[in-house]
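Chemist: Provide a 3D model corresponding to the input given below.
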Amino acid sequence: VLTDRGLDAALSAIASRCTVPVKVSVELPGRPAEAIEGIAYFTVSELLQNVSKHSGAPSASVDVWRTADRLLIQVRDDGPGGARMDGGTGLAGLAERLDAVDGVFLVDSPAGGPTTVTAELPWRDRAA
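Modeler: This next block holds a predicted model:
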């Protein structure tokens with residue numbers, strides 16, 4: 001789905017498999033480079049798996065947009081919070097993956113919730 005129809009369709013497909021309802025909003029002027037698109041897809045996939053397995057949230061959202069030369073991703077759930085970068089390998093592994101391509105990965109998950117994970121990737125245009 002990602003290769004043929006892009007991030008919007010691919011992320012909607014992932015969201016439909018999540019154990020909680022997920023609202024997906026993708027607002028991009030075009031498609032980023034394949035490598036960046038793949039990392040964005042993988043990041044959201046892993047984050048929604050975490051929502052399903054660990055969040056205890058009744059709902060979640062995924063927002064993807066471009067600002068200047070950055071692709072921004074925000075995954076939010078309305079669970080009780082408490083997600084930590086040092087709580088296992090999952091979030092730390094995502095942070096490392098994004099860091100490898102000059103990306104940024106931030107987790108905001110206070111006790112009581114909500115949890116918001118923001119990922120930034122460099123925007124690179126897709127080769128024609």
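
Chemist: hang on, Val24 in a strand?
Modeler: Yes: under DSSP: H, G, I helix; E, B strand; the rest coil, Val24 falls within a strand.

Chemist: what about it, neighbour count?
Modeler: Neighbour count for Val24, taken as other CB atoms under 10 Å: 22. In this view, the C-beta of every residue, glycine as well, is placed from N, C-alpha and C.

Chemist: again, but for Phe42
Modeler: With other CB under 10 Å as criterion, Phe42 counts 13.

Chemist: Thought Gly93 was touching it, still the case?
Modeler: No: checked against CB atoms under 8 Å, the pair Phe42 and Gly93 is beyond contact range at 10.4 Å.

Chemist: intersection of neighbour lists for the two?
Modeler: Counting by CB atoms under 8 Å, 6 or more residues apart in numbering, no residue touches both Phe42 and Gly93.

Chemist: Could you list the buried residues of the helix ranked longest in the chain?
Modeler: Using DSSP state H, we find that the single longest helix of the chain is helix 34-50. By neighbour count on 16 or more other CB atoms under 10 Å, the buried set for helix 34-50 is 36-37, 39-41, 43-48, 50.

Chemist: Output the helix or strand where Thr3 lies as CSV, nothing but the C-alphas.
Modeler: Using DSSP states H and E, Thr3 maps to helix 2-5. C-alpha atoms of helix 2-5 as CSV (Å, rounded to 0.1, in the frame of the first residue of the first chain):
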residue,chain,number,x,y,z
LEU,A,2,2.8,2.4,0.9
THR,A,3,4.6,2.0,-2.5
ASP,A,4,1.4,2.2,-4.6
ARG,A,5,-0.7,4.8,-2.7
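
Chemist: next helix or strand past it?
Modeler: helix 7-16.

Chemist: one step back: what does the helix holding Thr3 rub up against?
Modeler: For helix 2-5, using CB under 8 Å, 6+ apart, the contacting residues are 9-10, 37-38, 41.
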